[in-house]
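> Next one to model:
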Amino acid sequence: MDSRTQGGGRHASARVSRFDGPTVAILVVLIAVLVAGTAGATSLLNRGNGSGISAGDGAGADSPTDTTTDSAPDSTTADGAGPTEACEQTIEVTVAAAPEVAPAVQTAADLVDPASCATYAVTAQPPTEVAAAIEGGEAPDVWIPDAEDWTSRITEYRADSAPFTLAEFVVPESPAPEMTAEGWTSLGSVARTPIVLAVDAESDLPATTTWREMFTTSPRLGLAQPSTDSESRLAYLVARGATEAEGDDYLLLGQRVIFVSRFAADTTMDLLESATGGPEHNPFPVAEQRLAAFSAENDDTPLAPLVLAGGSPELSYPLYARSDASPETAAAAQQLWTAVGSDEVRTALSEAGFRAADGTGPTISGVAAAPYEAALLPDTARAIEATHLWETLRLDMKMIAAIDVSGSMVWAAGDTTRLDLLQRATVNALEVLPDGSQIGAWVFATHIGADGVDWRPIVPTRALSDDVDGITQRQVLMNEVAALDEQITGDTGLYDTALAAFREVQTGYDPRYINSVVLITDGENDDPTGGLSLDQLLAAMEAEHDPERPVRIVTIGIGPDTDPAALKAISEATGGTSYVAVEPDDIETVFFRALLARAA
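The predicted structure is shown next:
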């Protein structure tokens, strides 16, 4: 042993040399006892803490990791030993981990050397619960959600039990750092599992199918709510793509989102449970690990995994540490990350159904884990826009469609007329809108209405499923649209109509719906007898717009004679959007773009 450990140095040796023989002998015995006692204490501490990983051991921040659950909130280790007595104080690190990796995270916490003077309180919590806690000012020191994008969605998340409203799209002006992605630092991925398509064991769906094709051409698809369920969210984002769909893909994807969003389950677990022992089910996205664990506990599960072509989304379980953590807490988070890379934790994760470093994974219903490539996801802004769209389309709309029937609507457009193109696009849109949507229709042209106003209601606002003299409101609207050629008259009284329709929807505002006006015209405002100017219209709408009771105007211009700048100004004054279809072939796509963006 180094002489300094025994209190010795050059000057100490000189002092000892003056002792007599018996004194030296006694000192030797005492030193031997102290050395033996120190070795025994070290042995006890190491036994109480497994491998005793410290900050300098094992892999660094780039090494693969895994997670576990519930570390005891006090300072004891797995077999009751406490941190070393050398610690002046012990810090407790709170760790919130997704339930499926929490046991492995707990194992990692138990492996951290007590000499690090840190204990870990590991809690198994779904990401939605953690996001709610963070919004409530109770952020953990370390967060291990199932997907990387949760730190960008803390203010976007919607609780399963809460009714959704557009007000939830409002982000605080100055959110706390932990409510933003900048408030968290990723140390790496704890575990990985691809998101597969759960299909019947006898399914003949080809493996060449892509996620986009599942959303655009497959007749059956089940999903959970993307705002709260990572598996369905990531599958949906891969289907939408890192770049926007075009042409038929755009229309089909939009139509499918409108339909599927109405029938989505709350969670992937709900989809799994509904498939057990029941009739044939719709295929749905699920994490391979979750499907393996569920199948192991439910022998009658008729489900098998299918890795789709074109890239698979994956759950990567990032280990996030708070960016504003103290140096001691940051060091403890790093030590936990290092422990996650241990063989013991890696084995636990593999046994739980996660992919191993060599890519091997669980066999489910006799189907071996297939290789996969991680899919490219949209950037954060586009991804959040996509989930906003989903949430918007889940809501029924309350809308007035105000349709231009001025004389120019019968002018030629390609091999037909502007009116004919509008009629076809409107009927196609009506066919995919959900039954609960409340839709009314107006026509507008100069002096077409009572008392010489420029608008006239032709169908009162009612739910599309309502019975109206033996037929549905949907069919009533289709019939009136088909007969619009009988309404053609006058010039384009656009501005007066826009304000009147805005006020009508605002008067009947219902927070359970998307409240909007869709204004469809083929020209610029043309009211020879006067009426509002554009400046007067904009001033009135801006003054009357209420962000707590939003009524948005979506404008659609048809043909080359519209005034795009004026239409855009009208929409922007209410938080709406504007679209112009110059070419006849663009009209149907523009209609669906307007429909999909009705919440702006």
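> Would you mind confirming that V582 is in contact with I556?
No. If you go by CB atoms under 8 Å, V582 and I556 don't touch, sitting 12.0 Å apart. For every residue, glycine as well, the C-beta is placed using N, CA and C.
> Looking at these two, which one has more neighbours?
I556 (28 against 15; other CB atoms under 10 Å).
> For the more buried one, which non-adjacent residue is spatially closest?
I520 (4.6 Å; CB to CB, 6 or more residues apart in numbering).
> who's in contact with that neighbour?
A401, A402, I403, D404, L422, T426, T555, I556, I558 (CB atoms under 8 Å, 6 or more residues apart in numbering).
> Pull the most distant pair out of the residues you listed.
Using CB to CB, the two most remote members of the contacts of I520 are T426 and T555, lying 15.0 Å apart.
> how close does the spatially most central residue of the chain get to E391?
The chain has S227 as the residue nearest its centroid, 4.4 Å off, counting by CA atoms, centre = their mean. Distance, S227 to E391, by CB to CB, to the nearest Å: 6 Å.
> The contacts of I520 in strands, which ones?
Of those, the ones assigned to strands by DSSP state E are A401, A402, I403, D404, T555, I556, I558.
> Quick one: the strands in the stretch 251-400 of the chain, in order.
Secondary structure of the stretch 251-400 of the chain (DSSP state E, counting those that start in this stretch): strands at 284-287, 303-306, 314-315, 318-322, 397-404.
> Quick check: neighbours of the longest one in the sheet, parallel or antiparallel?
In the sheet containing strand 397-404, its partner strands are strand 438-444 (parallel), strand 514-521 (parallel), by DSSP bridges.
> Mind checking what helix or strand follows the longest one in sequence?
With elements assigned by DSSP states H and E, the helix or strand that comes after strand 514-521 is helix 534-544.
> average model confidence for that following helix?
The pLDDT scores in helix 534-544 average 95.
> Please apply the same query to stretch 341-350.
Stretch 341-350 shows a mean pLDDT of 97 in the predicted model.
> for stretch 286-295, same thing?
Stretch 286-295 comes out at a mean pLDDT of 97.
> related to what we said a few turns ago, same list, the strands of the stretch 251-400 of the chain, but as CSV with distance to A356 please.
Formatted as CSV, the strands of the stretch 251-400 of the chain follow (distance: least, CB to CB, whole Å):
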stretch, distance to A356
strand 284-287, 16
strand 303-306, 16
strand 314-315, 14
strand 318-322, 18
strand 397-404, 48
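> Those strands: which one's closest to E129?
Of those, nearest to E129 by CB to CB is strand 318-322, at 15.3 Å.
> Who are the packing partners of the closest one?
Identification of packing neighbours for strand 318-322 by 3 or more CB pairs under 8 Å, 6 or more residues apart in numbering; DSSP states H and E yields strand 142-144, strand 184-189, helix 327-340.
> Please save the CA atoms from the helix or strand where L237 lies in PDB.
Assigned by DSSP H and E, L237 belongs to helix 230-240. Output in PDB follows, covering the C-alpha atoms of helix 230-240 (Å, rounded to 0.1, in the frame of the first residue of the first chain):
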ATOM      1  CA  SER A 230     -46.500   6.900 -31.300                       C
ATOM      2  CA  GLU A 231     -46.900   3.700 -33.400                       C
ATOM      3  CA  SER A 232     -49.900   5.000 -35.500                       C
ATOM      4  CA  ARG A 233     -48.400   8.500 -35.600                       C
ATOM      5  CA  LEU A 234     -45.100   7.400 -37.100                       C
ATOM      6  CA  ALA A 235     -46.800   5.100 -39.600                       C
ATOM      7  CA  TYR A 236     -49.100   8.000 -40.600                       C
ATOM      8  CA  LEU A 237     -46.100  10.300 -41.000                       C
ATOM      9  CA  VAL A 238     -44.200   7.700 -43.100                       C
ATOM     10  CA  ALA A 239     -47.300   7.400 -45.300                       C
ATOM     11  CA  ARG A 240     -47.500  11.200 -45.700                       C
END
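> Identify all contacting residues around that helix.
With CB under 8 Å, 6+ apart, helix 230-240 has contacts from 127, 145-147, 149-150, 195, 211-212, 214-216, 223-227, 253, 264, 268, 284-287, 290, 310-315, 375-378, 382-383, 386-387, 390.
> now stretch 255-274
Against stretch 255-274 from outside (CB under 8 Å, 6+ apart): 160, 198, 215-216, 221-225, 228-229, 231-232, 281, 284-287, 290-291, 294, 301, 303, 389-390, 393-394, 432-434, 592, 595-596.
> repeat for stretch 464-481
By CB under 8 Å, 6+ apart, the list of residues contacting stretch 464-481 reads 403, 423, 426-427, 430, 433-439, 441, 458-459, 462-463.
> Give me the buried subset of those residues.
403, 423, 426, 430, 433-434, 437-439, 441, 458-459, 462-463 (16 or more other CB atoms under 10 Å).
> Provide the contact partners of stretch 195-214 at residue level.
So stretch 195-214 is in contact with 218, 221, 231, 234-235, 238-241, 245, 249, 253, 271-272, 275, 280-281, 283-288, 291, 302-310, 312-315, 365-366, 375, going by CB under 8 Å, 6+ apart.
> Of those, select the buried ones using a ChimeraX command.
To isolate the buried members of the contacts of stretch 195-214 in ChimeraX, using 16+ other CB under 10 Å:
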select :221,231,234,235,238,239,240,241,245,249,253,271,272,275,281,283,284,285,286,287,288,291,302,303,304,305,306,307,308,310,312,313,314,315,365,375
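> Low-confidence regions, the chain specifically.
Along the chain, the parts satisfying pLDDT under 70 run over 1-85, 156-173, 242-252, 277-280, 595-600.
> per-domain residue ranges of it.
10-48, 91-191+316-351, 205-315+379-386, 395-596 (automatic domain parsing).
> These into CSV, with extra columns for distance to G359?
CSV is the format used below for the domains of the chain (distance: least, CB to CB, whole Å):
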stretch, distance to G359
domain 10-48, 35
domain 91-191+316-351, 11
domain 205-315+379-386, 12
domain 395-596, 38
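> Nearest to G361, out of those?
domain 205-315+379-386 (6.1 Å).
> Please report how far V505 lies from E351.
Applying CB to CB, the value for V505 to E351 is 58 Å.
> And those two? Which one has more around it.
Ranked by neighbour count (other CB under 10 Å), V505 and E351 place V505 first, with 22 against 10.
> What values do phi and psi take at that one?
phi -70, psi -40 (degrees, to the nearest 10).
> Grab the nearest non-local neighbour of it.
Per CB to CB, 6+ apart, closest to V505 is V551, 4.8 Å.
> who touches the one you found in this structure?
F502, V505, Q506, Y509, N515, S516, V517, H545, T574.
> Next, format those as a markdown table and append distance to A370.
As requested, these are arranged in a markdown table below (distance: CB to CB, whole Å):
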| residue | distance to A370 |
| --- | --- |
| F502 | 54 |
| V505 | 51 |
| Q506 | 54 |
| Y509 | 51 |
| N515 | 47 |
| S516 | 45 |
| V517 | 50 |
| H545 | 53 |
| T574 | 50 |
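> Let's see if you can find the most crowded of those residues.
V517 (29 neighbours).
> wait, doesn't that one sit right on M399?
Yes. The criterion here is CB under 8 Å, and V517 meets it with M399 at 6.9 Å.
> Overlap in contacts, these two.
Going by CB under 8 Å, 6+ apart, residues that sit against V517 and also against M399 are V505.
> what about stretch 221-233, how long is it end to end?
End-to-end distance of stretch 221-233: 14 Å, with CA to CA, to the nearest Å as the criterion.
> and it, how far from the chain's centre?
A distance of 8 Å separates the centroid of the chain from that of stretch 221-233, by CA atoms, centre = their mean, to the nearest Å.
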